[in-house]
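Novice: got a sequence here, can you build the structure:
(chains A and B)
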Amino acid sequence: MSPIDPILANQIVRREWSRIVASAMRILGDLDLAEDAAQESLAAAIEHWPIHGVPTHPGAWLTTVCRRRALNMLRAKRRRMEVSLPLDVAAASEGHAMADDRLTLLLLCCHRALSREAQVALTLRLGGGLSTREIARALLVDERALGQRISRAKRRLREIAAPFASPSPEEIAARLDVVLEVVYLVFNEGYFSQSQDAIRSELVGDAAMLAEQLCELAPERSEVWGLASMIHFKAARTASRLSADGALVPLDEQSRSTWKRDYITRGERYRASAIGAARAQNCGVGRYVLQAEIEAHHCRAERFEDTNWEAIDQLYEALVTSTNNPVAELAWVVARSYARSPSAGMALLDHLGTESKLAQSPTVRATRADLLRRMSHPAEAGAIYRVLSRLQVGAAERRFYERRAAECAETEV
Amino acid sequence: MTLRRVSRYGRRRIVDVVMLMLSPPEAFGEAAPKAVVKKIAGFAMKLASEGKLKGGQQLGGLSEGFRIDGDGQSGRLLDGPYAELKELVAGYLELDVASMEEARDLASQNPHLAIGSVVVLPIAPRGNG
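Specialist: Numbering: from 1, shown residues only, chains lettered A, B, ... in the order given. Have a look, this model is predicted:
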């Protein structure tokens, strides 16, 4: 019998990664050294766990090994420098607010001095515990280039002497916004990828895990719960979004019995926490809570016909007016078309089209084609679908356009 | 805002391989030295931490398993999978490697080599038409 499940054991380490790295950062104050110490704890786990089994408290086990290593590294550094460094070892040896340190680490990954790409890579690495190879696959870049990107990011933080400390309250809010955007990006790439596979569920899982981590670390922030809620509602529907032959399935045809009940339950729970947190802080709801509300309406409808489109229409209006999100604009158009009529949706699309940056993007054209189809203009709709099916899009998307084009051709006759 | 999705390296170059671990019958399944089995678990865990492991299983059940020899029609059922075989597939790992060179390096580090052989084969890419 196999002693341990290697994949499961690695997932356990991954879940604890931000905790381990943060504990080493508290002692060493340098990201590279902190990761070295963390790697040592991973190596120890690889050696010990197959023989003795996964420990009952793997996080504590790993953190203990990591801190021991970090303290050794610090002592060696002191000896080399032959000066007595002001050691915050007293604080380091106490188990003081571990949660604060994990959040501080995530906020550091999203420091303003780093590019968005660097923020994403660093967050996936230190927050998500992903390996260089996994991050490279996720971001569709070369592995070596990604490794360099991470090294440069760490070097940059060292150059500007970014402190490992809680930023000011205003800065926390701003920085947290960036972390949320990063997690949202990762989720979107997993939910609807332009790569070979339309759905990349590992990324969805990574985003869900990061979002839940943030809920643990910043529970007073409603947007954090909002993002976690939205992600779980959407992730619940993943199985129904692709047909057997790998084409995208529109919402009205998705088999709702395949939607994951446990994800929807969690989505509801996080949504409730989001609203509670917003009330406690006496602030309005932000973009992620709005999206969670929208997704909740979808998940609650037993059938497509039961969907509360009027509520969704209003929620999208609120979302679009508060954010500059072209994708939300299109979703609003679709909601309007079901809440009122396809021609009302078309009117909204035309109204938004003049301001939207994505005027000629495939998704805008596909939205227009869908409205035309529902307004009984198969010739016009079919023409657009035929053009779309020849574009450089993923296979699942193309199959959907081909199917619509064929349907329109049939209706035309 | 979106991530830049297509890198200048074009489509991702990935090789998926299966790494088969072969054992002689006397070192197969329950008879495999426990120390080696544990080392292989550690090896697999290390690969997982590097994002290289996609899956894998240890195989066993010599008494339940069976083998059918093709005879051009429905096959001739043999008792047990090991008749006339010098080696059995003791387990496999599915890996994401950058190249067959890397696959070779990893194979040479597999602790299974202490008790048997390792065969690495690329997984044929699926044509999606």
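Novice: lowest-pLDDT helix or strand in the chain?
Specialist: Went with chain A since none was named. Lowest by mean pLDDT, DSSP states H and E among the helices and strands of chain A is helix A:89-93, with a mean of 49.
Novice: try again with chain B
Specialist: strand B:76-78 (a mean of 69).
Novice: is chain A within reach of whichever helix or strand comes after that one?
Specialist: Proceeding N to C from strand B:76-78, the next assigned helix or strand is strand B:88-97, under DSSP states H and E. Yes. When contact is scored as C-beta under 8 Å from any C-beta of the partner chain, part of strand B:88-97 falls within range of chain A: B:Asp96. Backbone N, C-alpha and C define where each C-beta goes, glycine included.
Novice: please save the CA atoms from the very next helix or strand once past strand B:88-97 in CSV.
Specialist: Beyond strand B:88-97 on the C-terminal side, the first helix or strand identified by DSSP H and E is helix B:100-108. Extracted C-alpha coordinates of helix B:100-108, given in CSV (Å, rounded to 0.1, in the frame of the first residue of the first chain):
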residue,chain,number,x,y,z
MET,B,100,12.5,14.2,-23.3
GLU,B,101,16.0,15.2,-21.9
GLU,B,102,14.3,16.3,-18.7
ALA,B,103,12.3,13.1,-18.7
ARG,B,104,15.5,11.1,-19.0
ASP,B,105,17.0,13.0,-16.0
LEU,B,106,14.0,12.4,-13.9
ALA,B,107,13.8,8.7,-14.8
SER,B,108,17.4,8.3,-13.7
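Novice: now stretch A:204-221: buried residues?
Specialist: For stretch A:204-221, burial by neighbour count (16 or more other C-beta atoms under 10 Å in any protein chain shown) applies to A:204-215, A:217-218, A:221.
Novice: quick one: contacts of the lengthiest helix in chain B?
Specialist: Secondary structure of chain B per DSSP state H: the longest helix is helix B:34-49. For helix B:34-49, the external contacting residues (C-beta atoms under 8 Å, 6 or more residues apart in numbering or on different chains) are A:2-4, A:6-7, A:9-10, A:13, A:42, A:45-47, A:49-51, A:131, B:21, B:53, B:56, B:58, B:91, B:93, B:95, B:106, B:109-112, B:114-115.
Novice: residue contacts, residue 23?
Specialist: Assuming you mean chain A. A:Ser23 sits next to A:63, A:66-67, A:70, A:98, A:101 when contact means C-beta under 8 Å, 6+ apart.
Novice: not quite, I wanted chain B
Specialist: Counting by C-beta under 8 Å, 6+ apart, B:Ser23 touches B:32, B:87-88, B:90, B:112, B:115-116.
Novice: mind showing which ranges of chain B have poor pLDDT?
Specialist: Along chain B, the parts satisfying pLDDT under 70 run over B:1-14, B:77-84, B:126-129.
Novice: and for A:Gly147, the neighbour number?
Specialist: Residues contacting A:Gly147 under the criterion other C-beta atoms under 10 Å in any protein chain shown number 16.
Novice: residues contacting it?
Specialist: Under the criterion of C-beta under 8 Å, 6+ apart, the contact list for A:Gly147 reads A:132, A:136.
Novice: what helix or strand is it located in?
Specialist: Remark: A:Gly147 resides in helix A:143-159, with elements defined by DSSP H and E.
Novice: please compute how far that helix lies from its chain's middle.
Specialist: 21 Å (C-alpha atoms, centre = their mean, to the nearest Å).
Novice: helix or strand right after it?
Specialist: The first helix or strand that comes after helix A:143-159 along the chain, using DSSP H and E, is helix A:169-191.
Novice: then that following helix to PDB, C-alphas only?
Specialist: Once non-C-alpha atoms are left out, helix A:169-191 reads as follows in PDB (Å, rounded to 0.1, in the frame of the first residue of the first chain):
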ATOM      1  CA  PRO A 169      -4.900  51.600   6.600                       C
ATOM      2  CA  GLU A 170      -5.400  53.600   3.400                       C
ATOM      3  CA  GLU A 171      -2.600  51.700   1.700                       C
ATOM      4  CA  ILE A 172      -4.000  48.400   2.900                       C
ATOM      5  CA  ALA A 173      -7.300  49.100   1.200                       C
ATOM      6  CA  ALA A 174      -5.600  50.100  -2.100                       C
ATOM      7  CA  ARG A 175      -3.200  47.100  -1.900                       C
ATOM      8  CA  LEU A 176      -6.000  44.700  -1.100                       C
ATOM      9  CA  ASP A 177      -7.800  46.000  -4.200                       C
ATOM     10  CA  VAL A 178      -4.800  44.900  -6.300                       C
ATOM     11  CA  VAL A 179      -4.700  41.400  -4.600                       C
ATOM     12  CA  LEU A 180      -8.400  41.000  -5.400                       C
ATOM     13  CA  GLU A 181      -7.800  42.000  -9.000                       C
ATOM     14  CA  VAL A 182      -5.000  39.500  -9.300                       C
ATOM     15  CA  VAL A 183      -7.100  36.700  -7.900                       C
ATOM     16  CA  TYR A 184      -9.900  37.800 -10.200                       C
ATOM     17  CA  LEU A 185      -7.600  37.600 -13.200                       C
ATOM     18  CA  VAL A 186      -6.500  34.100 -12.300                       C
ATOM     19  CA  PHE A 187     -10.100  33.000 -11.900                       C
ATOM     20  CA  ASN A 188     -11.100  34.500 -15.200                       C
ATOM     21  CA  GLU A 189      -8.200  32.800 -17.000                       C
ATOM     22  CA  GLY A 190      -9.400  29.500 -15.600                       C
ATOM     23  CA  TYR A 191     -13.100  30.100 -16.100                       C
END
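Novice: who does whichever helix or strand comes after it touch, helix- and strand-wise?
Specialist: Going down the chain from helix A:169-191, the next helix or strand is helix A:201-217, by DSSP H and E. The contact analysis (3 or more C-beta pairs under 8 Å, 6 or more residues apart in numbering or on different chains; DSSP states H and E) places helix A:201-217 against helix A:98-109, helix A:132-139, helix A:169-191, helix A:222-235.
Novice: so which of those is the most packed in?
Specialist: Of these, the one with the most neighbours on average (mean count of other C-beta atoms under 10 Å in any protein chain shown) is helix A:222-235, at a mean of 28.
Novice: got CSV for the helices and strands packed on helix A:201-217, with distance to A:Ala347 too?
Specialist: CSV is the format used below for those (distance: least, C-beta to C-beta, whole Å):
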stretch, distance to A:Ala347
helix A:98-109, 43
helix A:132-139, 39
helix A:169-191, 28
helix A:222-235, 28
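Novice: go through these and name the closest to chain B.
Specialist: Go through these one by one with C-beta to the nearest C-beta and the one that ends up closest to chain B is helix A:132-139, at 3.6 Å.
Novice: can you give me how far that closest one is from the chain middle?
Specialist: 14 Å.
Novice: same deal with stretch A:131-139?
Specialist: Taking C-alpha atoms, centre = their mean, the mean C-alpha location of stretch A:131-139 is offset from the chain mean by 15 Å.
Novice: show me what contacts the residue lying closest to A:Arg374 once chain neighbours are set aside?
Specialist: For A:Arg374, the nearest residue in space outside its immediate sequence neighbours is A:Pro342; the separation is 4.2 Å by C-beta to C-beta, 6 or more residues apart in numbering or on different chains. Residues counted as contacts of A:Pro342 (C-beta under 8 Å, 6+ apart) are A:371, A:374-375.
Novice: now, among the residues you listed, which is nearest to chain B?
Specialist: Chain B has its nearest neighbour among those in A:Leu371, at 23.8 Å by C-beta to the nearest C-beta.
Novice: and the pLDDT for the closest one?
Specialist: Per-residue confidence (pLDDT) for A:Leu371: 96.
Novice: OK, contacts around it?
Specialist: With contacts taken as C-beta under 8 Å, 6+ apart, A:Leu371 has the following neighbours: A:333, A:337, A:342-343, A:345-346, A:349.
Novice: farthest pair within the residues you listed?
Specialist: Using C-beta to C-beta, the contacts of A:Leu371 span at most 11.6 Å, a distance reached by A:Val333 and A:Ser343.
Novice: out of the two, which sits in the more crowded spot?
Specialist: Neighbour count, other C-beta under 10 Å: between A:Val333 and A:Ser343, A:Val333 has more, with 28 against 12.
Novice: distance of the more buried one relative to chain B?
Specialist: Computed with C-beta to the nearest C-beta, to the nearest Å, the distance linking A:Val333 and chain B is 19 Å.
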